[in-house]
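**Q** can't give you the sequence, but here's the structure:
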């Protein structure tokens, strides 16, 4: 097997204990960037709006020897901004810390395309649901009695509330009508005319309406019928209109909307097109770890919503393109440092002359199972602290980079569902280089490669 250079991440920073950059190394794919100006500066000064994350990473490293992986936006002197995932490792004593970063741009783009595809599927599904819902609302809210009956035996398949009330009074639930013979629900003298009318509907598709009498009081109704398909079988759609009577409805009770929003367990907020918060409930204030809802008004939602590929910009772009978003998975960074996995459903609307976006955020952290790979990676990196002082720094850095690279190779394969061609694209490698790394780290499971079709 041919030799290849030792693997390295996209950005490697050697920091002192105060977070000042002493050495900086870039991968060959990023060699065009001139980062000499970083030397001697605080790491938190050369990133985007992630200074607090950097401080927490260094504090965790000083306390435990290694920090959790965090996603930040790294700024380069050329003006380039890239989403990256960093971890920091304590090198021992006052030797400093090592910050290791991987470019997530390909992952973020892939995630954004995946989200777009998921949203398309969701929209198609909900369009069908909306059509069905409208159909049922129209039927249920109709003052006419509407029924579906089998063509073969006139057994009732479905009926609305008005039909249930008309056929047997309000004491019978509409479910009690299902399976009953429709002819037995009308006056005996009207059954033969009804049979003749429905026979004509079956043969010709339509027939003039007739008058039937229903109930003990023999109330007159106009009956009309048409033919339709119900679950691949023909069925009669029967519509009965009362003659000389009207059915009243009670107006629904209205609840205090503001009070209702505050009682919801899910976070609800309304923002403008720039992401500025115009309204929020108590659950949202708790989610972002701020004491009151008034303190978040006027703040930008992007202050807490910043996962690459699923940030505020992606959310607003999907709303502007499609009008709504359902079940967008992302992360909220609270003011006290808590990261919470959430799902967002949102919809745009117009208020006066301004565009607004209403969002519902649901905490799904309890649904998510902890990743065993994260624990194993943390254990592997933490064990390297024992070799500090016994191993040269260059060899220690190389070993640390190899452990981290194994993590990213496994993550890329998992993200690509085992497809090595896609995994190589995510990592920015050729397939040959990926195969070499799989062999080097004994990650080749000897299973046939799943190629794209």
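**A** Yes, it's here. Model, not experiment: these values are computed from the prediction. Numbers count the residues shown, from 1 in each chain.
**Q** Assign the residue nearest the centre of the chain to helix, strand or coil.
**A** The centre of the chain sits closest to residue 328, judged by CA atoms, centre = their mean, with a distance of 2.3 Å. Per DSSP: H, G, I helix; E, B strand; the rest coil, the secondary structure class of residue 328 is strand.
**Q** give me the element the residue lying closest to it once chain neighbours are set aside is part of.
**A** If you skip the residues right next to it in sequence, residue 328 has residue 344 as its closest partner in space, 4.4 Å away by CB to CB, 6 or more residues apart in numbering. (Glycine included, C-beta is placed from N, CA and C.) Under DSSP states H and E, the secondary-structure element containing residue 344 is strand 339-351.
**Q** Which strands border that strand, and is each parallel or antiparallel?
**A** Strand partners for strand 339-351, identified by DSSP bridges, are recorded as strand 324-333 (antiparallel), strand 354-363 (antiparallel).
**Q** In stretch 23-33, which residues are buried?
**A** Of the residues in stretch 23-33, those with enough neighbours to count as buried (16 or more other CB atoms under 10 Å) are 24, 26-27, 30.
**Q** Kindly report the same for stretch 431-441.
**A** Neighbour-count burial for stretch 431-441 flags 434-438, 440 (criterion: 16+ other CB under 10 Å).
**Q** One more: stretch 68-82?
**A** For stretch 68-82, by 16+ other CB under 10 Å, it's 68-76, 82.
**Q** which residues touch that stretch?
**A** Contact with stretch 68-82 is made by 11, 32-35, 37-38, 46-50, 53-54, 56-57, 60, 83-87, 101, 103-105, 306-308, 374, 378, as judged by CB atoms under 8 Å, 6 or more residues apart in numbering.
**Q** give me phi/psi at residue 164?
**A** With angles defined as degrees, to the nearest 10, residue 164 shows backbone torsions of phi -60, psi -40.
**Q** Quick check, it in contact with residue 176.
**A** Yes. Under the contact definition of CB atoms under 8 Å, residue 164 touches residue 176, with a separation of 7.4 Å.
**Q** tell me the mean pLDDT for the one helix or strand residue 57 maps to?
**A** Assigned by DSSP H and E, residue 57 belongs to helix 51-64. Averaging the model's pLDDT scores along helix 51-64 yields 84.
**Q** Quick one: the buried residues of stretch 23-33 as a markdown table, columns for secondary structure too.
**A** Formatted as a markdown table, the entries for the buried residues of stretch 23-33 read as follows, by three-state DSSP:
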| residue | secondary structure |
| --- | --- |
| 24 | strand |
| 26 | strand |
| 27 | coil |
| 30 | helix |
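**Q** Centre of the chain to the strand holding residue 344, how far?
**A** With CA atoms, centre = their mean, to the nearest Å as the basis, strand 339-351 stands 9 Å off its chain's centre.
**Q** Show me what counts as buried in that strand.
**A** Neighbour-count burial for strand 339-351, counted by 16+ other CB under 10 Å, picks out 340-346, 348.
**Q** do the same with stretch 200-213
**A** When neighbours are counted by 16+ other CB under 10 Å, the buried residues of stretch 200-213 are found to be 201, 207, 212.
**Q** isn't the last one right next to residue 190, touching?
**A** Yes. The criterion here is CB under 8 Å, and residue 212 meets it with residue 190 at 4.3 Å.
**Q** For residue 96, grab the count of nearby residues.
**A** 21 (other CB atoms under 10 Å).
**Q** Check residue 275 too.
**A** Each residue near residue 275 was counted by other CB under 10 Å, and the total is 18.
**Q** Mind listing residues that contact stretch 119-128?
**A** Outside stretch 119-128, the residues within contact range by CB under 8 Å, 6+ apart are 318, 322, 324-328.
**Q** hmm, try it at 10 Å
**A** Around stretch 119-128, the neighbours that count as contacts under CB atoms under 10 Å, 6 or more residues apart in numbering are 133, 318, 321-328, 345.
**Q** from the chain's centre, how far out does that stretch sit?
**A** Averaging C-alpha coordinates over stretch 119-128 and over its chain gives two centres that are 13 Å apart (CA atoms, centre = their mean).
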